[in-house]
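[1] here is my input; please provide its structure:
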Amino acid sequence: MGETANARVLEWFNKPPGTEHPTPPHQDNYYFNLRPPNILTAWLALDPVDEENGCLRYVVGSHQRGLRPHNPTSVLGLSQGISDYGPDDKSREAMIQLQPGDLAVHHGETIHRADPNCSAIRSRRALVMVFHGEICRLDEEAHKRHTAVVRRQHESMDLEPGIV
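    As a prediction, the model looks like this:
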């Protein structure tokens with residue numbers, strides 16, 4: 001990052017066996033609204049991660065193109081996904097397969113997604129930590145827009161406030 005970094009909260013990700021929904025293509029900084037986008041996400045695999053149980057897929061070089069438009073999704077926990085994801089993005093995907101203890105790190109504006117967990121018996125668990133540079137500041141306008149979209153989405157789904 002080239003500067004002192006601060007850590008956000010540790011997150012637990014779990015895609016249990018037979019999880020039918022994919023993780024939609026998204027950029028982490030769409031949720032965080034930080035400027036400048038000096039953000040790294042560290043994804044520590046706790047289980048083997050492969051095509052069967054929903055491996056990560058990164059769009060190579062996408063972090064250099066800025067944030068893309070996102071729209072609400074029906075995936076609880078990943079409420080927003082890139083609305084104009086297309087064949088050019090798909091052609092630049094790199095499949096990331098991991099073993100327990102492997103660490104994948106990506107920029108906060110890297111487009112990434114994951115397939116459903118088609119395994120009948122294996123979970124896809126990970127611990128995730130996000131780091132941001134000390135000069136990063138909240139983009140108040142972007143944060144207000146994002147919060148309003150999520151609030152409307154939750155109201156339409158009849159969810160409690162605070163669930164993303």
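
[2] kindly provide the distance from the spatially most central residue of the chain to A126.
    What sits nearest the mean C-alpha location of the chain, by CA atoms, centre = their mean, is D28, with 4.8 Å. Distance check for D28 against A126: by CB to CB, to the nearest Å, it reads 14 Å. Every residue, glycine included, has its C-beta placed from N, CA and C.

[3] give me the buried positions along the helix ranked longest in the chain.
    When secondary structure is assigned using DSSP state H, the longest helix within the chain turns out to be helix 140-157. Of the residues in helix 140-157, those buried by neighbour count under the rule 16 or more other CB atoms under 10 Å are 142, 146, 150, 153-154.

[4] let me know the closest of those to E93.
    Of all these, H146 has the smallest distance to E93: 25.2 Å, by CB to CB.

[5] hmm, the closest one is touching Y31, no?
    Yes: with contact defined as CB atoms under 8 Å, H146 reaches Y31; the gap is 7.0 Å.

[6] which strands border the helix or strand containing N6, and is each parallel or antiparallel?
    Element membership for N6, per DSSP states H and E: strand 5-15. The pairing partners recorded for strand 5-15 under DSSP bridges are strand 124-133 (antiparallel).

[7] just the CA trace of the partner strand, in CSV.
    The C-alpha trace of strand 124-133 is given here as CSV (Å, rounded to 0.1, in the frame of the first residue of the first chain):
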residue,chain,number,x,y,z
ARG,A,124,-16.0,-23.3,1.9
ARG,A,125,-15.0,-21.4,5.0
ALA,A,126,-12.6,-18.4,5.3
LEU,A,127,-11.5,-15.7,7.6
VAL,A,128,-11.4,-12.2,6.0
MET,A,129,-9.6,-9.1,7.1
VAL,A,130,-9.7,-5.7,5.3
PHE,A,131,-6.9,-3.2,5.6
HIS,A,132,-7.1,0.4,4.5
GLY,A,133,-4.4,3.1,4.3
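
[8] from V149, how far out is A42?
    For A42, the distance to V149 under the criterion CB to CB works out to 27 Å.

[9] scratch that, T110 is what I was asking about
    With distances taken as CB to CB, T110 is found 21 Å from V149.

[10] any common contacting residues for H146 and Y31?
    Jointly contacting H146 and Y31 under the rule CB atoms under 8 Å, 6 or more residues apart in numbering are Q80.

[11] and E93, what is it in contact with?
    Contacts here follow CB under 8 Å, 6+ apart; on that basis E93 touches 57-60.

[12] swap that for A126, please
    With contact set as CB under 8 Å, 6+ apart, A126 has these partners: 12-14, 43-47, 49.

[13] tell me which of those residues is nearest to E3?
    Proximity to E3 was ranked across the contacts of A126 by CB to CB; first place goes to W43, at 21.5 Å.
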